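Engineer: Provided below are the primary sequence and the corresponding predicted coordinates.
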Amino acid sequence: MNDRRLVHLRRIDPSQNMRRFYSLSVQPTLFGGASLVRDWGRIGTRGQSMIETFDTPAEAGDAMLRLERRKRRRGYRDPHFSLSGRRE
């Protein structure tokens with residue numbers, strides 16, 4: 001998996017005082033595997049990170065797609081779209 005894909009998502013809901021970010025990326029390891037790096041938290045803070053290691057880049061890519069779908073179902077969107085779904 002040569003294309004190190006990076007996904008940035010945001011969930012902003014002023015009625016709930018919610019401003020969250022979530023990012024996912026697949027990075028190669030020194031031993032031929034791949035790591036899925038997740039960062040999340042409130043926008044404007046450092047947030048938290050988690051690294052999950054997989055034997056192959058394909059497995060890491062599959063896990064990243066599953067997490068991205070799950071977050072999008074929960075209301076996370078690309079950062080360049082407004083709440084109305086239009087480009088900002």
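Structural biologist: Yes, it's here. Numbering: from 1, shown residues only.
Engineer: give me the contact list for stretch 47-67.
Structural biologist: The contact list for stretch 47-67 (Cβ atoms under 8 Å, 6 or more residues apart in numbering) reads 1, 5, 7, 21, 24-26, 28-29, 33-41. Using the backbone N, CA and C atoms, a C-beta is placed for each residue, glycine as well.
Engineer: buried ones only from these, please, as a ChimeraX command.
Structural biologist: To isolate the buried ones among these in ChimeraX, judged by 16 or more other Cβ atoms under 10 Å, type:
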select :7,21,24,25,26,34,36,37,38,39,40
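Engineer: helices along this structure, start to end?
Structural biologist: 57-73 (DSSP state H).
Engineer: quick one: low-confidence parts of it?
Structural biologist: The chain contains residues with pLDDT under 70 at 1-4, 81-88.
Engineer: please repeat the previous calculation with a cut-off of 50.
Structural biologist: Along the chain, segments meeting pLDDT under 50 span 1-3, 86-88.
Engineer: tell me where it has strands.
Structural biologist: 6-13, 18-28, 34-42, 48-54 (DSSP state E).
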